[in-house]
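**Student:** model the structure of this input:
(one chain, ligands or ions: 1)
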Amino acid sequence: MHLQLPGERVLALDRPAIMAVLNITPDSFSDGGELLDPDAAVLAAQHALDAGADILDVGGESTRPGAARIEPGEQVRRVVPVVEALAERHPDAVISIDTTRHAVAEAALDAGAVILNDVSAGRDDDDRMFALAAERGCPLVLMHMQGAPADMQNHPTYHDVVAEVRAFLLERAADAQRAGVPHHQLILDPGIGFGKTTAHNLQLLAHLDTWVDTGHPVLLGASRKRFLGQVVGVTDPAERDIATAAVSALAVRAGVHILRVHNVAPNRQAADVTFAIMTHRNT
Ligand code: HH2
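**Tutor:** Numbering: from 1, shown residues only. You can find the predicted model right below:
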């Protein structure tokens with residue numbers, strides 16, 4: 001499996017890919033305020049690439065529970081200088097833009113991004129993200145979220161979280177396909193922590209094959225999230241990298257293609273060792 005990127009580039013997905021988080025925000029839950037300056041972001045990207053990252057995910061709006069919305073103009077001011085600097089300094093790097101707003105996505109693509117990561121699965125901007133992905137020939141991440149960041153953790157409710165998240169993502173993928181985005185360019189993500197209790201997150205992680213079985217590329221973003229802190233009793237998000245690596249190993253075992261993480265090195269190791277073991281199953 002592979003992703004077709006603009007400019008005849010290709011990202012192979014036949015071994016697990018690591019997407020490194022670069023939050024250009026003052027308030028992200030685990031690393032807010034660290035990378036507002038493009039030079040700091042370029043340095044962080046260098047560390048991530050050295051540690052084995054395949055994708056750099058740049059975002060200018062925190063989606064942590066309770067976060068306020070950031071207008072597209074401010075998101076553009078935050079992310080475009082960083083995407084430009086990354087594209088210049090790391091021309092081979094695969095850059096994705098984490099936004100739900102079409103204007104931000106478009107500006108980031110013009111600055112050198114090649115993948116769209118939309119945590120609203122196209123809903124925030126009336127499906128215009130679908131048209132943009134189709135027009136520019138870029139892969140699009142469709143993530144599930146119940147509610148919106150401002151209120152999503154108030155009362156997450158499902159009858160069957162796995163079935164409901166699956167149905168939602170397949171419906172959005174079908175809509176995106178009707179808008180012209182090919183099946184293999186639509187990356188599905190169950191949206192760990194987005195309108196879900198700890199039990200919901202654990203159920204989703206216990207059934208990762210559900211998304212892999214759709215035949216779409218699958219992305220998982222569990223890195224440092226609150227439910228991990230609840231399971232292992234660790235309050236500081238930056239101290240949750242071991243718990244995150246455990247999820248990465250499980251995800252690779254289940255066939256997940258892309259792991260979105262804050263700290264690349266432990267997850268690269270967890271992914272590579274799990275993948276190496278899996279390649280020896282039939283020998
Ligand atoms: N999680 C976050 C942000 N973007 N994108 C995808 N596709 N999947 C995720 O699970 C996901 C995401 C939240 O993490 P982070 O970016 O570190 O925090 P914040 O939203 O506070 O910036």
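
**Student:** next to the ligand, which bits of the stretch 151-283 of the chain? Give me the list.
**Tutor:** 189, 191-192, 219, 221, 260 (Cβ under 6 Å from any ligand atom). Yep, even glycine has a C-beta here, placed from its N, CA and C like the rest.

**Student:** and Gly7, that one's in a helix?
**Tutor:** No. Looking at Gly7 with DSSP: H, G, I helix; E, B strand; the rest coil, it is coil, so not inside a helix.

**Student:** neighbours of the residue nearest to it when sequence neighbours are not counted, how many?
**Tutor:** What sits nearest to Gly7 in space, not counting adjacent residues and going by Cβ to Cβ, 6 or more residues apart in numbering, is Val114, at 7.4 Å. Using other Cβ atoms under 10 Å, Val114 has 24 other residues around it.

**Student:** also Asp126?
**Tutor:** 10.

**Student:** strands along the stretch 51-200 of the chain, start to end?
**Tutor:** 55-59, 94-98, 115-118, 140-143, 186-189 (DSSP state E, counting those that start in this stretch).

**Student:** for the first one, packing partners?
**Tutor:** Read it as strand 55-59. strand 17-23, helix 38-50, helix 72-89, strand 94-98, strand 115-118 (3 or more Cβ pairs under 8 Å, 6 or more residues apart in numbering; DSSP states H and E).

**Student:** 10 Å instead, please
**Tutor:** On a contact count with 3 or more Cβ pairs under 10 Å, 6 or more residues apart in numbering; DSSP states H and E, strand 55-59 meets strand 17-23, helix 38-50, helix 72-89, strand 94-98, helix 102-111, strand 115-118, strand 258-261.

**Student:** hmm, the second one in reach of the ligand?
**Tutor:** No. For a cut-off given as Cβ under 6 Å from any ligand atom, helix 38-50 has no contacts with the ligand; the smallest distance is 12.9 Å.

**Student:** residues contacting whichever residue of the stretch 151-283 of the chain sits closest to the ligand?
**Tutor:** Using Cβ to the nearest ligand atom, the closest approach of the stretch 151-283 of the chain to the ligand is made by Gly221 at 2.2 Å. Neighbour list for Gly221: 19, 21, 57, 98, 117, 119, 141, 143, 189-194, 247, 258-262 [criterion: Cβ atoms under 10 Å, 6 or more residues apart in numbering].
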